[in-house]
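Q: sequence plus the predicted model coming up.
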Amino acid sequence: MEERRKITLGGLWCSLYPTFLYPLLQTICGVIYLMMVSVPFVRADLSWSEVESKIMQLYLSGSMWILLIAAVVSIPLFGWLYCRDMQKKRDLGWWDEGWFPLREEKLLWTMLGSAALALFCNQLVSLLPLSFWVRDLEEVNEALDTGTIWMQMMVAGCLVPLVEELVMRGLMYQRFRRMLRPVPAMFWSALAFGIFHGNVIQGVYAFLLGLFFAWLMERFQRLWVPVVAHMSANLFVLLIDDGGWLTKIYSSGEVFLGVMAGSGVVFLVAFWMLREE
């Protein structure tokens, strides 16, 4: 197994720089998109305030396309970094799939547990006194709620979770593990995952899910397990929101508490089944 090193500035930078690089790539893609869509309006006989308003409208409506382009650019880069890290672990004899058995039913429990946890955390966050930051969340939701449901499922449900898992669990968490024991590595990587989302409400939600995703990475030592978990969580929330089920859940206090208790129980059962050897 891997021998832990001391915590160093170099080790921290090595662990954290992918979390800065991905937003930078998203920003670059957004700037290029804005430059492309702004050309017709700049040439038109419009005031700057009119141009700015139209550009921002197009930017919001094109948020999914920006995320899509950023994901397509990011996946090969972070995939290459992850494969390089894994090769180093193999060369040093730190990794062997035989040490961490994974049966098919474990993936089913992973999907079920992740969906249940996502719903539970969604409800839990709504109970916290975070109303001051609701406006920030509404702006994020407005940007993400663009395009068809199929576009949202492909980008927010599949591609974005893949990139985020490459960055957060594939690179950051495993590099933290070279310096820290499992529990501190899980905590700090989940905290970074929460901060990465840029607002308090999403940050709390992402922190709680990030703890589970990091535990899955530690438990099974295969990146595609937290990838499946992350995709399951995002797709489940997208589908029940699109189907109007979230509105029904929040329409009644009894239904809300019943669903919250049920999702919590389902997650605990799934977690217990995943812990079994």
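A: Right, received. Where do you want to start? These figures come from a predicted structure and were not determined experimentally.

Q: please make it C-alpha for all contacts and neighbour counts, starting now.
A: Noted.

Q: what sits against the nearest residue to residue 169 once chain neighbours are set aside?
A: Nearest non-adjacent residue to residue 169, counting by CA to CA, 6 or more residues apart in numbering: residue 214, 6.2 Å away. Contacts for residue 214 (CA atoms under 8 Å, 6 or more residues apart in numbering) come out as 169, 173, 186, 189, 190, 226.

Q: which of the residues you listed sits closest to residue 250?
A: Residue 250 lies nearest to residue 190 out of these, by CA to CA, at 27.2 Å.

Q: separation between residue 179 and residue 63?
A: Using CA to CA, to the nearest Å, residue 179 is found at 37 Å from residue 63.

Q: same question for the host helix or strand of the residue nearest to residue 169, mean pLDDT?
A: Assigned by DSSP states H and E, residue 214 belongs to helix 200-220. Averaging pLDDT along helix 200-220 yields 94.

Q: what does stretch 66-75 give?
A: 94.

Q: buried sites along it?
A: 66, 67, 68, 69, 70, 71, 73, 74, 75 (16 or more other CA atoms under 10 Å).

Q: which helices and strands sit right next to the strand or helix carrying residue 227?
A: For residue 227, the host element (DSSP H and E) is helix 224-242. Contact partners of helix 224-242 among helices and strands, from 3 or more CA pairs under 8 Å, 6 or more residues apart in numbering; DSSP states H and E: helix 104-127, helix 149-154, helix 160-165, helix 200-220.

Q: looking at those, which is closest to residue 23?
A: Across these, closest to residue 23 is helix 160-165 (CA to CA), at 10.5 Å.

Q: contacts for the closest one, please.
A: 67, 68, 71, 74, 75, 78, 223, 226, 227, 230, 231, 234.

Q: may I have that helix as PDB, with CA atoms only?
A: Below are the C-alpha coordinates for helix 160-165, written out as PDB (Å, rounded to 0.1, in the frame of the first residue of the first chain):
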ATOM      1  CA  VAL A 160     -20.200  17.400 -15.900                       C
ATOM      2  CA  PRO A 161     -20.100  14.600 -13.300                       C
ATOM      3  CA  LEU A 162     -17.400  12.800 -15.200                       C
ATOM      4  CA  VAL A 163     -15.200  15.900 -15.400                       C
ATOM      5  CA  GLU A 164     -15.800  16.800 -11.700                       C
ATOM      6  CA  GLU A 165     -15.000  13.200 -10.600                       C
END
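
Q: for the helix holding residue 214, the distance to its chain's centre please.
A: In terms of CA atoms, centre = their mean, to the nearest Å, the centre of helix 200-220 is found 9 Å from the chain centre.

Q: list the buried ones in it?
A: Applying 16+ other CA under 10 Å to helix 200-220 flags 200-220 as buried.

Q: what's stretch 245-252 in contact with?
A: By CA under 8 Å, 6+ apart, stretch 245-252 touches 240, 241, 255, 256, 259.

Q: list the contacts of the fourth one.
A: When contacts are counted by CA under 8 Å, 6+ apart, residue 256 touches 123, 249, 250.

Q: columns neighbour count and distance to residue 91 on top of these, output as a markdown table?
A: Formatted as a markdown table, the contacts of residue 256 follow (neighbours: other CA atoms under 10 Å; distance: CA to CA, whole Å):
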| residue | neighbour count | distance to residue 91 |
| --- | --- | --- |
| 123 | 20 | 45 |
| 249 | 18 | 51 |
| 250 | 15 | 52 |
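
Q: from these, which is closest to residue 275?
A: For those, the minimum distance to residue 275 (CA to CA) is 25.1 Å, reached by residue 123.
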